[in-house]
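Enquirer: pasting the structure only:
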């Protein structure tokens, strides 16, 4: 009977219950919306509850409509009572502990980024990465290169081009999860760990160990690729929670990272690594065009030509091309473009309108990350050489020595100081702040934009523009008296008249390789009292002014390869002088008593320079860490060996008048004194008309091996017309010359072979020319003086010439054969000039490092080699 009553009260009760439920529904939806902003999604339980609320809401609305329309009251009361019960149950079940949970990510998530179109170079890099992903034999891949070269772009392309899911019928994706994380220079371990957890949709934990366990448990049975961008130091993957990487082909677990530092690749134990280089000229131009835009390029007929110049100044660096290209997109007059060219050529790109701090501050991170302040100062000095200049490594090291950055006093001899300098060069190369020069073994260079960075830092980030003053023209109009370092390297300046007369802060003056430079005007040194470094090498200067005696702070003086015949007596005032370089002067006159007053002198190098009063060296008070000298008699050699505190570094022997014996390089009475053997780095024997035999003969002393020429790197035998043989007895060439890298034999007309060179482990450059009786280079049948080396082993193709990179044979009219066939695992360049009887090459077509074979067409066509070998080697021929 209760269902027949007036339904009004029941409808009122239902309306109130529904209002309460709708409020509860809205509260829960608000909680869900808030969670969704944090990447979460509603739980299945909540979704089911919301569906039920929507259904009961619709049902109640129908009951209310039927009641208004006068539907039979029994039905209204019955339906209202059922709905009230459902509403009551929904309200009871609305107390959710959580309404949303983290959204599980797709296996691969695209990282939003504006990426440039792929170019052939990038396609090649991506291909190498794809090969790595397919290779089950390697798990960690390092991508390294200078800042702004495109490493992050490459990693983004790899991530965004991986398939995130497979279509029906297609193979499944390579990885269950691809994880992207930016590490950065000042990374925090907890942030990196949380970023990885977030990427995987895992809960964040305050405890790093618990977080690592959750990441490890999630990944250990899955295929995954971890992409780490911008590493500056090694990251311990296991501490993050990355499981030990497996090599199972069905479960790939790999890591790819980017870094500016080669050393990080080693510290991360990268199985494979790849250096990303700058773009070639055409690729760079296409990127620059894209950023400038067609409208600007067509705004004036001259702009395309000027734009090419600007693009070239960026030297292929994608960051510079993109940023400068975008800045230039608003510049539609030739004057604006010409101004940009001027600023770029003056190494002031930061002054281009619109550039702000978009290039140099980003690259400065590499500078800031260098190991110490000493290495940073070494880097800044590299900018003293002109743009695009290839710098001899020895020149650079000597520059650092002269500035006190490689302190020769900390080492036993000058060779050890050079070793330290080469390590510094390697450190700058590993940080991508130096790159190989034209001759990659002997030279380095600075990328144009990196050089701009160095000059910007040297100018206190643009605050002191003329602190480092680089002059490249005929005059020095831009130079200022405020300069601390001034470089005229390679300039057309003829003398110092165009330089400021008062350079009271000037510490460094570098005039190296300025062939027009002839003189230092009177009074110039009076205005440079702070000068500590003076390099006049490879110039046309013919005299040192007496005023040089005013430079009381001078520590480094280089007048090598000049026309200066004598040193002024006033040089004796330079009590701080440590380096006196007098190379290739033909002859030099040193005033009596001068050297003994140079109490701080550490190095005096007269390589290829004759000095008739060299015995003044006996008056030196300090310890000479390196001496380069030319001697003309064995008696002089004896006297040199007896000089106290003098380590011979570079030695030239010429004429040796009246000496008719074999020259034994190991004999204590000849070259074999401990003071010479322990430190000699270069040996040149020339113009000895009567010398017939050079020998390396042990005297039977069991300690002979201790007298090996361990530091000897360069040997030249020149114009020895009677030299018949080089004898080895009781010693092994490889053991006696472990460091020999350059060997030059010329004008030795009676020498018939060089059998002993075959096993020199470090030999990189072998040059033989003008030896008219040379019949073969290697004589594997020669058993004389093998020094314990088995004869059959001498000519072993796999062990011979392991390091030889350049082989030059020239004007050898009797040369018939090289003397065997070898693998030459390192050979890159071979020259064969004027060797008409040489009909065979010493190698076949399997030459993995060969780049060039220089020879004339007739010689090449007359070679007696297999057609397959000729066809394979044809690509390397240069005429």
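Expert: Nice, thanks for sending it over. For clarity, every value in this text was computed on a predicted model and none was experimentally measured. Residues are numbered from 1 along each chain as shown.
Enquirer: can you list the residues that contact stretch 263-282?
Expert: Residues outside stretch 263-282 that contact it (CB atoms under 8 Å, 6 or more residues apart in numbering): 119, 121, 125, 128-129, 132, 137-146, 149-151, 154, 231-235, 255, 257, 259, 262, 284, 287, 312, 315-318, 321, 430, 447. Bear in mind the C-beta positions are built from the backbone N, C-alpha and C, glycine included.
Enquirer: Among the residues you listed, which are located in helices?
Expert: 121, 125, 128-129, 132, 151, 154, 262, 284, 287, 312, 318, 321, 430 (DSSP state H).
Enquirer: Might you report the residue contacts of residue 53?
Expert: Applying CB under 8 Å, 6+ apart, one finds that residue 53 lies in contact with 21, 22, 25, 90.
Enquirer: and the closest residue to the second one other than its chain neighbours, what is it in contact with?
Expert: What sits nearest to residue 22 in space, not counting adjacent residues and going by CB to CB, 6 or more residues apart in numbering, is residue 57, at 7.0 Å. Remark: with contacts taken as CB under 8 Å, 6+ apart, residue 57 is in contact with 18, 21, 22.
Enquirer: right, and residue 715 touches residue 744 too?
Expert: Yes - with contact defined as CB atoms under 8 Å, residue 715 reaches residue 744; the gap is 7.3 Å.
Enquirer: who has more neighbours, these two?
Expert: Using other CB atoms under 10 Å as the criterion, residue 715 and residue 744 rank with residue 715 on top: 21 against 16.
Enquirer: Please, which helix or strand holds that one?
Expert: strand 714-718 (DSSP states H and E).
Enquirer: other SSEs contacting that strand?
Expert: Packing partners of strand 714-718 (3 or more CB pairs under 8 Å, 6 or more residues apart in numbering; DSSP states H and E): strand 682-686, strand 742-746.
Enquirer: Now find how far off-centre whichever helix or strand comes after the last one is within its chain.
Expert: Right, the one you point to is strand 742-746. Using DSSP H and E, the helix or strand that follows strand 742-746 in sequence is strand 765-769. In this view, strand 765-769 has its centroid 30 Å away from the chain centroid, taken as CA atoms, centre = their mean, to the nearest Å.
Enquirer: how much space between residue 817 and residue 125?
Expert: According to CB to CB, to the nearest Å, residue 817 and residue 125 sit 44 Å apart.
Enquirer: What is the neighbour count of residue 849?
Expert: For residue 849, the neighbour count with other CB under 10 Å is 11.
Enquirer: what does residue 84 give?
Expert: Neighbour count for residue 84, taken as other CB under 10 Å: 18.
Enquirer: so it sits right up against residue 17, yeah?
Expert: Yes - with contact defined as CB under 8 Å, residue 84 and residue 17 form a contacting pair (5.7 Å).
Enquirer: contacting residues for the nearest residue to residue 610 once chain neighbours are set aside?
Expert: Closest residue in space to residue 610, ignoring its immediate chain neighbours: residue 587 at 4.4 Å, by CB to CB, 6+ apart. Contact analysis of residue 587 by CB under 8 Å, 6+ apart lists 565, 609, 610, 611, 612.
Enquirer: pLDDT at residue 587, what is it?
Expert: At residue 587, the pLDDT value in this model is 91.
Enquirer: Could you do the one 5 residues further on as well?
Expert: The predicted structure scores residue 592 at 90 on the pLDDT scale.
Enquirer: for it, what are its contacts?
Expert: For residue 592, the contact set (CB under 8 Å, 6+ apart) comprises 613, 616.
Enquirer: Let me know how buried residue 805 is, in neighbour terms.
Expert: Residue 805: 19 surrounding residues under other CB under 10 Å.
Enquirer: Out of the ones in helices among the contacts of stretch 263-282, which is nearest to residue 519?
Expert: Nearest to residue 519 out of those is residue 312 (CB to CB; 35.8 Å).
Enquirer: contacting residues for residue 25?
Expert: Each residue near residue 25 by CB under 8 Å, 6+ apart is listed here: 50, 53.
Enquirer: Within the helices and strands, which one has it?
Expert: Per DSSP H and E: helix 8-36 holds residue 25.
Enquirer: and that helix, how far from the chain's centre?
Expert: Relative to the centre of its chain, helix 8-36 is centred 67 Å away, using CA atoms, centre = their mean.
Enquirer: what's around residue 400, how many residues?
Expert: 23.
Enquirer: what comes up buried for the helix or strand containing it?
Expert: Residue 400 belongs to helix 393-402 when assigned by DSSP H and E. Buried residues in helix 393-402, counting neighbours by 16 or more other CB atoms under 10 Å, are found at 393, 395, 396, 397, 398, 399, 400, 401, 402.
Enquirer: For the residues you listed, please prepare CSV with the additional fields distance to residue 357.
Expert: Shown next, in CSV, are the buried residues of helix 393-402 (distance: CB to CB, whole Å):
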residue, distance to residue 357
393, 33
395, 33
396, 30
397, 34
398, 35
399, 30
400, 30
401, 35
402, 34
